[in-house]
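Colleague: Based on what follows, work out the 3D shape:
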Amino acid sequence: MPWLLSTARNLARNAVRKAHREQTLVNGLAHATPPWSEADLGQRAEWDGVRLALAQLRPVDRDLILLVAWDGLSPTSAGSVLGLRPVTARSRLHRARQRLTALLHDQGISAPPATVSESAAATATHKKEERND
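Modeller: Numbering: from 1, shown residues only. Next up, the predicted model:
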């Protein structure tokens, strides 16, 4: 019977730790500001248009675009996360980007804002060029 008390004590400790983690997360989110909140009205409208266009995509296409653009994964890695073969992931990403561009164009947005992966690629290219000099 001591094992039962030990198990109950461990479960109670886990519940306390979980509650603490959740409260820390809630407190952190209360002070977090999304990138579009500090933008001017024109940029906010553009962000709203991008979010609306993303919502109109199929879930797998939206996830693929977000994993590549927002999280900075390669198309192959993003496909792996979603259970897609590398070739399938790349072709779906290409078609999803085309659909997203068409949806944005319908809303009067000429091009999506610069993505994290584009910025990272530009930085990597710049650093590579600096090393070659």
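
Colleague: CA only for contacts and neighbour counts going forward, please
Modeller: OK.

Colleague: now the chain, which segments are flagged as low pLDDT?
Modeller: For the chain, residues meeting the criterion pLDDT under 70 lie at 33-44, 111-133.

Colleague: domain assignment for it?
Modeller: As assigned by automatic domain parsing, the chain contains the domains 1-32, 41-132.

Colleague: Break down the protein into its strands, ranges please.
Modeller: Counting by DSSP state E, the chain forms no strands at all.

Colleague: so residue 73 touches residue 66, yeah?
Modeller: No. Counting by C-alpha atoms under 8 Å, no contact exists between residue 73 and residue 66, whose distance comes to 9.1 Å.

Colleague: rewinding a little: return the most buried member of the domains of the chain.
Modeller: Ranked by mean neighbour count, those are led by domain 41-132 with a mean of 16 (mean count of other C-alpha atoms under 10 Å).

Colleague: Go ahead and confirm residue 75 touches residue 68.
Modeller: Yes. Under the criterion of C-alpha under 8 Å, residue 75 is in contact with residue 68, at a separation of 6.2 Å.

Colleague: Mind checking which residue lies nearest the centre of this protein?
Modeller: Closest residue to the average C-alpha location of the chain: residue 70 at 4.0 Å, with C-alpha atoms, centre = their mean.

Colleague: For that residue, grab phi and psi.
Modeller: Backbone dihedrals for residue 70, given as degrees, to the nearest 10, come out at phi -90, psi -50.

Colleague: chain center to the helix ranked longest in the chain, what's the gap?
Modeller: Ranked by residue count and defined by DSSP state H, the top helix of the chain is helix 2-31. Per C-alpha atoms, centre = their mean, to the nearest Å, the displacement of helix 2-31 from the mean C-alpha position of its chain is 28 Å.

Colleague: Thank you, goodbye.
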